[in-house]
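Student: I need the structure of the sequence given here:
(one chain, ligands or ions: 1)
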Amino acid sequence: MCGIVGCTAQGGEVVAGLVESLKRLEYRGYDSSGIAAQTVQGIGIVRRVGKIRELEAQLQQEPLIASTAIGHTRWATHGRPTEANAHPHRCGKLVVVHNGIIENYLELRQELGASGAVFQSETDTEVVAHLVASLWQGDLAAAVRAAVGRLEGSFALALMHEDTPEVIVAARRDSPLVLGVGEGAHWLASDVAALLPWTRRVIYLEDGDVAELHPTALSVTDMAGKKQHRPVVEISWSAEMAEKGGYAHFMLKEIHEQPTTVANALLGRIAEKSGTITLDGFNIDDDTLRSLRRVSIVACGTSWHAGQVGRFLIEQDAGLPVEVDYASEAIYREPMLGKDDLLIAISQSGETADTRAALRRGREAGAHTLVISNVAGSSMARDAQSVLLTYAGPEIGVASTKAFMGQLTVLSLLALKLGAVRGKLTNGELRRRLHELKLLPHAIEAALHSSDAAKDIAAELAAARDALFIGRGVNYPIALEGALKLKEISYIHAEGYPAGEMKHGPIALIDASMPVIAIATHAATYAVIAGNVEEAKARGARIIALVSQGDDRVAKSAWRTIVLPAVPENLSPLVNIVPLQLLAYWTAVARNADVDQPRNLAKTVTVQ
Ligand code: F6R
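Tutor: Now for the predicted structure:
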């Protein structure tokens, strides 16, 4: 986690711009931040504990005027969030910012300490400054190349040296790093969102790359110094797409963007009249799809919940067995995958370390690999055989909403594609299903009208200590996701359960102080879940029920209801998640919590 930025420009002043870029990376970590700049007096550093606005305020008092600078926003791993541990770290004339973890830092610290290095921080990063400084012979890129070979772990690094004041050197291994290309200026950042105000022409660095940035020149080599060609990519996202657009929080804006997310994920991919699905980026031929024996899905967090919905859809539509694993667990078991298996890695960022590791293992075991991601140039998108993009646009709120919606849409399409190719769905059925998918943005739009009801309920839910979310079938993962949304942004303890499991333990928790949020919309499981709701109600639970228009049973047992448009069951997760996101959002607002940057969380988890 953490975010790094850098800019070297021909004249001009770059520090204010870098602070803007850092704000766009704040979702990656926000316990401290800092800037190092090549001023006329040498390299000046300003660092502050807390959010980037603290750094901004300090820079008013202590301005850094420079046309070459690097910056960092931190999510602490090694060493507490203090000013001494904040980046950039310095060794003499050299400074460094780092995202990732140097696993052998203790060993290096000892070795460098024995040759006289004195450390100012508790971080793993500071060893990089000392190591590169010890190898400096007048060429920063050469010193970095010599140093990175000694580093174990993951890193995206940016370094400057006072003796080469226009140069920034960057290097990456297993942590994202993208370069921005401009007229008389070059940038670097952990995420393309930080570059959008300045340029849309970017270069994604690959693992093992070392880049040297000058205002008017840019070169990339491997760690041995061999020149590498990396293409310049035009990004279609605009800077406005990464801004709040009048909403109080990014999360609220992103929740409201979801009808468009679905429409974008379908755009150009479906031909309803002929019943065809064209998945750009999907390179697995139909014969291979027909011969598949099994699908295995790996993901973390919200993306794992999308995987659980995907399991239901693929099993039902394509008749293929699916297993869904936490990526962080999958990597510690035998992969059990081979040439007849399709491994799907789901990741909004495409950078999550565990998911990436699970994907690599699957590929090495010989499975066909597919990544469902929101970020075109991400590491996973480049690692896999096939990539399906969710086209949700930049997601800035740490709690994932619209990216989840994009994942569900893509999984729905994939399930239909597999079903059609494998002969489980007739063309007529496929056409009907595509028509239903096409109508979905309207149903999501209607679900957004539940915002006022959710706000109203949140005013009371905000006082709860715990909450239970229950669902069945394809909506069981939505109960899990509703609970995750509530706990991560409002800090209310919440659990999701398959409703049928209530009687096997959790029902003991129920009393008048326990809100139970029940997903009881139109579905094959409606009657059983209605029974579960009545059992909970009989034990005094306050039921908040999601029901479909026209419901006349569950609504009677509920303390509060949210009425949603009736949609086919397999599409209901995409509608039902909306009021749960809104409920979490308004509850967090009522509790005065930091909605977009919940404590202890980072958006992109690039460490295992
Ligand atoms: C929760 C959330 C996380 C992510 C998880 C995986 O709101 O956002 O649980 O889903 O960290 O991240 P990606 O999808 O980027 O691999």
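
Student: which residues sit against the helix or strand where L188 lies?
Tutor: Secondary structure assigned from DSSP states H and E places L188 in strand 185-189. When contacts are defined by CB atoms under 8 Å, 6 or more residues apart in numbering, strand 185-189 is touched by residues 3-10, 12, 14, 21, 25, 158, 168, 170, 177-180, 194-195, 198-199, 211, 213-215, 218. Heads up, the C-betas are built off the backbone N, CA and C, glycines and all.

Student: any of these buried? List them.
Tutor: 3-9, 14, 21, 25, 158, 168, 170, 177-180, 194-195, 198-199, 211, 213-215, 218 (16 or more other CB atoms under 10 Å).

Student: those in helices, which ones?
Tutor: S21 (DSSP state H).

Student: among the buried ones among the contacts of strand 185-189, which ones are in strands?
Tutor: Judged by DSSP state E, strands contain the following of these: 3-9, 158, 168, 170, 178-180, 211, 213, 218.

Student: tell me the one of these nearest V375?
Tutor: Closest to V375 out of these is V178 (9.8 Å), distances taken as CB to CB.

Student: in PDB, list the C-alpha atoms belonging to the strand or helix carrying G17.
Tutor: Of the helices and strands defined by DSSP H and E, G17 is found in helix 15-24. Taking C-alpha atoms only, helix 15-24 is exported to PDB below (Å, rounded to 0.1, in the frame of the first residue of the first chain):
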ATOM      1  CA  VAL A  15       5.400  20.700  -5.700                       C
ATOM      2  CA  ALA A  16       1.800  21.900  -5.500                       C
ATOM      3  CA  GLY A  17       1.000  19.600  -8.400                       C
ATOM      4  CA  LEU A  18       2.500  16.700  -6.600                       C
ATOM      5  CA  VAL A  19       0.400  17.400  -3.500                       C
ATOM      6  CA  GLU A  20      -2.600  17.300  -5.800                       C
ATOM      7  CA  SER A  21      -1.400  13.900  -7.100                       C
ATOM      8  CA  LEU A  22      -0.900  12.600  -3.600                       C
ATOM      9  CA  LYS A  23      -4.500  13.500  -2.700                       C
ATOM     10  CA  ARG A  24      -5.600  11.200  -5.500                       C
END
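
Student: chain center to the strand holding L188, what's the gap?
Tutor: Centroid separation between strand 185-189 and its chain, computed with CA atoms, centre = their mean, to the nearest Å, is 22 Å.

Student: who does that strand pair up with?
Tutor: If you go by DSSP bridges, strand 185-189 pairs up with strand 3-9 (antiparallel), strand 178-181 (antiparallel).

Student: ok, then the element right after it?
Tutor: Assigned by DSSP H and E, the successor of strand 185-189 is strand 201-204.

Student: pull out the buried residues from that following strand.
Tutor: V202, I203, Y204.

Student: cool, and stretch 70-85?
Tutor: Buried residues in stretch 70-85 (16+ other CB under 10 Å): I70, G71, H72, T73, R74, W75, A76, G79, A84, N85.

Student: spatially nearest residue to R472, not counting backbone neighbours?
Tutor: T525 (4.0 Å; CB to CB, 6 or more residues apart in numbering).

Student: contacts only, for the one you found.
Tutor: R472, G473, A499.

Student: make a markdown table out of the residues you listed and add pLDDT.
Tutor: A markdown table is the format used below for the contacts of T525 (pLDDT from 0 to 100):
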| residue | pLDDT |
| --- | --- |
| R472 | 96 |
| G473 | 96 |
| A499 | 93 |
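
Student: neighbours around G184, how many?
Tutor: When neighbours are defined as other CB atoms under 10 Å, G184 has 12 of them.

Student: up against the ligand, what does this protein have?
Tutor: Within the chain, the positions near the ligand by CB under 6 Å from any ligand atom are 300-303, 347-349, 352, 355, 399-400, 484, 488, 604-605.

Student: let's see it at 5 Å
Tutor: C300, G301, T302, S303, S347, Q348, S349, T352, A399, S400, V605 (CB under 5 Å from any ligand atom).

Student: what's around A114, how many residues?
Tutor: Residues near A114, counting by other CB under 10 Å, number 8.

Student: of all the residues in this protein, which one is nearest the ligand?
Tutor: Residue of the chain nearest the ligand, by CB to the nearest ligand atom: G301 (1.9 Å).

Student: and that residue, how far from E495?
Tutor: G301 sits 15 Å away from E495, going by CB to CB, to the nearest Å.

Student: which of the two has more residues huddled nearby?
Tutor: G301 (22 against 17).

Student: who touches the spatially closest residue to the more buried one that is not a sequence neighbour in this structure?
Tutor: Among residues not flanking G301 along the chain, L484 sits closest, at 6.9 Å (CB to CB, 6+ apart). Contact partners of L484, counting by CB under 8 Å, 6+ apart, are G301, T302, H305, A494, G496.

Student: mind putting these into a markdown table with pLDDT?
Tutor: Output for these, formatted as a markdown table (pLDDT from 0 to 100):
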| residue | pLDDT |
| --- | --- |
| G301 | 97 |
| T302 | 98 |
| H305 | 98 |
| A494 | 97 |
| G496 | 97 |
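
Student: by neighbours, which of those wins?
Tutor: H305 (30 neighbours).

Student: I figured it hits P477, correct?
Tutor: Yes - when contacts are counted by CB atoms under 8 Å, H305 is listed as touching P477 (4.6 Å).

Student: low-confidence stretches in the chain?
Tutor: Along the chain, segments meeting pLDDT under 70 span 1.

Student: which parts of it belong to which domain?
Tutor: Taking automatic domain parsing as the reference, the chain has its domains at 3-242, 250-425, 449-590.

Student: quick revisit: relative to L509, which of the strands paired with strand 185-189 is closest?
Tutor: strand 3-9 (39.7 Å).

Student: between the buried residues of stretch 70-85, which is nearest I507?
Tutor: W75 (38.5 Å).

Student: list the contacts of that closest one.
Tutor: So W75 contacts M1, C2, R28, G29, Y30, D31, A602 (CB under 8 Å, 6+ apart).
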